[in-house]
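**Student:** With the input below, show me the fold.
(one chain, ligands or ions: 1)
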Amino acid sequence: MARERLPICKHCGRKFSPDARNRDRQQVCGRVECVLAADRARKRKYYRKRIENEKGFQESERRRCRKAMRRCRARTKNGGMGQSAPHLPLLLSGHLFAGLVSQFVDSTDPHVIARVMDSYADRGRRLAVSRSIRGSP
Ligand SMILES: [Zn+2]
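**Tutor:** Numbering: from 1, shown residues only. Take a look at the predicted model:
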């Protein structure tokens, strides 16, 4: 009986069993960090392509970044006084949250974790809406 060779994850380098419906195209294993890394890489590639090819997008991104840098400089100008508490880097907090959800639902299946994270985000949005209706900050 010849054993089928397992593909190697492009992110972590471990062997994995690909999903039967995506056998030929799956490049990363099902671990959350690998799926997130693959998503980031795909989005980065798409963004780079859009920046290079779409003049309108290039301009709007330039404006957006300029505005963000202006806000950032204004924030650091007064030594960051009067600003909110320091926050975790976005990347780390995303991994932390995914890890917590994974622990909470006792699963490493990215589909399950994504579904739970989506439901939490929906719940958070509903809370934000009801809070803004009441008029409190
Ligand atoms: Zn992996």
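**Student:** Next, the buried residues of stretch 34-44.
**Tutor:** Buried residues in stretch 34-44, counted by 16 or more other Cβ atoms under 10 Å: C34, V35, L36, A37, A38. For every residue, glycine as well, the C-beta is placed using N, CA and C.
**Student:** any idea how far that stretch is from the chain center?
**Tutor:** From the chain centre to the centre of stretch 34-44 is a distance of 8 Å (Cα atoms, centre = their mean, to the nearest Å).
**Student:** anything in it near the ion?
**Tutor:** Yes - against the ion, stretch 34-44 shows contacts by Cβ under 5 Å from the ion at C34.
**Student:** Provide the contact partners of that stretch at residue level.
**Tutor:** C9, K10, H11, C12, Q27, V28, G94, H95, A98, P110 (Cβ atoms under 8 Å, 6 or more residues apart in numbering).
**Student:** these two touch, right, C29 and F16?
**Tutor:** Yes - counting by Cβ atoms under 8 Å, C29 touches F16, with 3.5 Å between them.
**Student:** Show me what from the protein comes close to the ion.
**Tutor:** Contact residues (Cβ under 5 Å from the ion) of the chain with the ion: C9, H11, C12, C29, R31, C34.
**Student:** just the buried members of the residues you listed?
**Tutor:** Buried by 16+ other Cβ under 10 Å: C9, H11, C29, R31, C34, out of the residues of the chain next to the ion.
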